[in-house]
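[1] I would like to see how this sequence folds:
(4 chains)
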Protein chains: 2
Amino acid sequence: MARKLTAKGERTRSRIIAGAADEIREYGLGVTTLDDILFRTRTSKGQLFHYFPRGKEELLLAVAQHEAQRVLDDQQPYLGQLTSWRAWQAWRDAVVERYRQQGPTCPLAVLMTELGRSTPAARAVTGQLIDQWEQHIFEGIKSMQGSGRIPDAVDARQAARALLAGVQGGVSILLSTGDVSHLEAALDTGIAALRT
Amino acid sequence: MARKLTAKGERTRSRIIAGAADEIREYGLGVTTLDDILFRTRTSKGQLFHYFPRGKEELLLAVAQHEAQRVLDDQQPYLGQLTSWRAWQAWRDAVVERYRQQGPTCPLAVLMTELGRSTPAARAVTGQLIDQWEQHIFEGIKSMQGSGRIPDAVDARQAARALLAGVQGGVSILLSTGDVSHLEAALDTGIAALRT
DNA sequence: ATAGGTTTGGACTTACGAGTCCAGAACGGG
DNA sequence: CCCGTTCTGGACTCGTAAGTCCAAACCTAT
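    Predicted coordinates for the structure are as follows:
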């Protein structure tokens, strides 16, 4: 992995990853070819295989990592500070708003439905994203329990998993139907359940 | 659509659809070719294009319908009779058990992540599945409210959507990580929320 | 039995996408 | 300014997958 890249090379490499991610988000993995990516990023075959010697598979893995990072970044700073009910609400609104806006062209969807299933390595990236995401929610619940706003009787791990599953499913349904109400329902009832 | 098919032709057509569904479930849409399907179903190019004149797209649509039907069938008879807490529990167990068993080769996943996104027609099939599924859960909640086991204050529509989103997401996570605990958490907390 | 359809097999065409290769341009340290 | 390395462009090969075509086999009703 430790290859020597100049600053210029690094920039080109990033450009290819970002462009590939955009292309795949927009049109889907199934119909995206290397030539499409080359055209969009104004690069050539030579460059692509220079930076990704193992070809498409290696590129897709990099794209998966790129997209996984984006999913979490898109929810910050809210996801990292779930320490008051106001913060939970802000997070909920941010998630809904974000997914409502981006509709079917969303990094999470691309990762879960296209990239994430292709290779074991890509699947690992997805798994790691799920873990980190769940951990943030888990810590939010723990923190609320620490300040007595959520009863200790609540199983924080289980609640975090349920909430995360709801968000996942809500987004997934949004993509198929264009309807955000499932995502909203999942978040609202999930958070309401914590409040009792 | 109204083409003339003899009984024999009908059988061949079904065989192709079922075989294609199996193949795609097992290996994924991305790597499944018409030749693979032909080999598996012991048919020929001539037959395939005879029964699906618009080629792969038309076949995939038929496969999507086939798989959507299976998703609901797999949950019966439980999903249609959510009239007691015992029934809800039975449904929950059936869903978990089913998805645990079939792992990554599951009709729902194939539909949501591969087939469902390819064409508008396929997306419509997915949307319809979501609607029907939600409706069953909705009616279950309504029925429980009718017999006073769930308070009328619960918004049945919202609760049904949240639960469905949780199942969706749980399955989706199961596919990426091999871990059923999110699916279980979503079902358990979702049903528990109804009981309060 | 035979004429109309339908069903079937499989060779063939065509298009296209991944990956290879190499020569030349641009860069950067000495 | 010079030399080795990195970067870039694009022509080329090769494999493969979708779709076409047609003739032969098979039904079935009269």
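
[2] Give me every residue in chain A that's in contact range of DNA strand D.
    Proximity of chain A to DNA strand D (C-beta under 7 Å from any atom of the strand) is limited to residues A:4-6, A:8-10, A:12, A:42-47, A:49-50. For glycine as for every other residue, the C-beta is placed from the backbone atoms N, C-alpha and C.

[3] In contact with the most centrally placed residue in chain A: list those residues for me.
    Centroid-nearest residue in chain A: residue A:71, 2.8 Å away (criterion: C-alpha atoms, centre = their mean). For residue A:71, the contact set (C-beta atoms under 8 Å, 6 or more residues apart in numbering or on different chains) comprises A:107, A:108, A:111, A:129, A:133.

[4] In which helix or strand does the second one reside?
    When secondary structure is defined using DSSP states H and E, the element that contains residue A:108 is helix A:107-113.

[5] what's the average pLDDT for that helix?
    The average pLDDT for helix A:107-113 rounds to 88.

[6] Any idea how many residues pack against residue A:53?
    Residue A:53 sits with 9 neighbouring residues when counted by other C-beta atoms under 10 Å in any protein chain shown.

[7] residues in contact with it?
    Applying C-beta under 8 Å, 6+ apart, no residues qualify as near residue A:53.

[8] Can you tell me the SS state at it?
    What DSSP: H, G, I helix; E, B strand; the rest coil gives for residue A:53 is coil.

[9] could you check the distance from it over to residue A:47?
    Relative to residue A:47, residue A:53 is positioned 12 Å away (C-beta to C-beta, to the nearest Å).

[10] Let me see the confidence value for the nearest residue in space to residue A:45 that is not next to it in sequence.
    In space, and not counting its chain neighbours, residue A:45 is closest to residue A:38: 6.7 Å by C-beta to C-beta, 6 or more residues apart in numbering or on different chains. On pLDDT, residue A:38 comes in at 97.

[11] now residue A:2
    At residue A:2, the model reports a pLDDT of 44.

[12] I'd guessed residue A:48 sits against residue A:16; true?
    Yes. Counting by C-beta atoms under 8 Å, residue A:48 does reach residue A:16; the two are 6.3 Å apart.

[13] shared neighbours of these two, which are they?
    A:37, A:59.

[14] Settle this for me: residue A:91 is touching residue A:79, isn't it.
    Yes. Here residue A:91 reaches residue A:79: they are 5.9 Å apart, a contact under C-beta under 8 Å.

[15] which two in the residues of chain A next to DNA strand D are spaced the farthest apart?
    Spatially, the most separated pair among the residues of chain A next to DNA strand D is A:4 and A:42, at 23.5 Å (C-beta to C-beta).

[16] When these two are compared, which one has more neighbours?
    Taking other C-beta under 10 Å, residue A:4 and residue A:42 do not tie; residue A:42 has more neighbours (10 against 5).

[17] Tell me how far that one lies from residue B:179.
    Taking C-beta to C-beta as the measure, residue A:42 and residue B:179 are separated by 42 Å.

[18] go on, residue A:129?
    Remark: distance between residue A:129 and residue B:179 (C-beta to C-beta) = 14 Å.

[19] The two: which is more packed in?
    The neighbour comparison of residue A:129 against residue B:179 (other C-beta under 10 Å) goes to residue A:129, with 23 against 16.

[20] Please see if the one helix or strand the more buried one maps to touches chain B.
    Under the criterion of DSSP H and E, residue A:129 resides in helix A:120-146. Yes. Residues of helix A:120-146 contacting chain B under C-beta under 8 Å from any C-beta of the partner chain: A:123, A:126, A:127, A:130.

[21] surely the first one meets residue A:116?
    In other words, residue A:123. Yes. The pair formed by residue A:123 and residue A:116 meets the contact definition of C-beta under 8 Å, at 5.9 Å.

[22] Could I get the full set of helices for chain A?
    With DSSP state H, the ranges of helices along chain A come out as A:7-27, A:34-41, A:45-51, A:56-73, A:85-102, A:107-113, A:120-146, A:156-177, A:181-195.

[23] what comes into contact with the worst-scoring helix or strand of chain A on mean pLDDT?
    When the helices and strands of chain A are scored by mean pLDDT, DSSP states H and E, helix A:107-113 comes last with a mean of 88. Defining contact as C-beta under 8 Å, 6+ apart, one finds that helix A:107-113 is touched by A:21, A:24-25, A:29, A:64, A:67-68, A:70-71, A:74, A:125-126, A:129, A:168, A:171-172, A:175, B:112-114, B:117, B:172, B:176.

[24] could you pick out which of those residues are near DNA strand C?
    Contacts with DNA strand C are made by none of those, judged by C-beta under 7 Å from any atom of the strand.

[25] which of the residues you listed count as buried?
    Buried by 16 or more other C-beta atoms under 10 Å in any protein chain shown: A:21, A:24-25, A:29, A:64, A:67-68, A:70-71, A:74, A:125-126, A:129, A:168, A:171-172, A:175, B:112-114, B:117, B:172, B:176, out of the contacts of helix A:107-113.

[26] list the contacts for residue A:154?
    Here residue A:154 is in contact with A:141, A:145, A:194 (C-beta under 8 Å, 6+ apart).

[27] could you redo the last one with a cut-off of 7 Å?
    Residue A:154 sits next to residue A:194 when contact means C-beta atoms under 7 Å, 6 or more residues apart in numbering or on different chains.

[28] any idea how far the closest residue to DNA strand C within chain A is from residue A:34?
    Per C-beta to the nearest atom of the strand, residue A:55 is where chain A lies closest to DNA strand C, at 2.7 Å. Residue A:55 sits 8 Å away from residue A:34, taking C-beta to C-beta as the criterion.

[29] which of those two has more neighbours?
    residue A:34 (15 against 11).

[30] who's in contact with stretch A:121-133?
    Defining contact as C-beta under 7 Å, 6+ apart, one finds that stretch A:121-133 is touched by A:60-61, A:64-65, A:68, A:71-72, A:111-112, A:115-117, A:164, B:173, B:176-177.

[31] redo that, cut-off 6 Å
    With C-beta atoms under 6 Å, 6 or more residues apart in numbering or on different chains as the contact definition, stretch A:121-133 has outside contacts at A:61, A:64, A:65, A:68, A:111, A:115, A:116, A:164, B:173, B:176, B:177.
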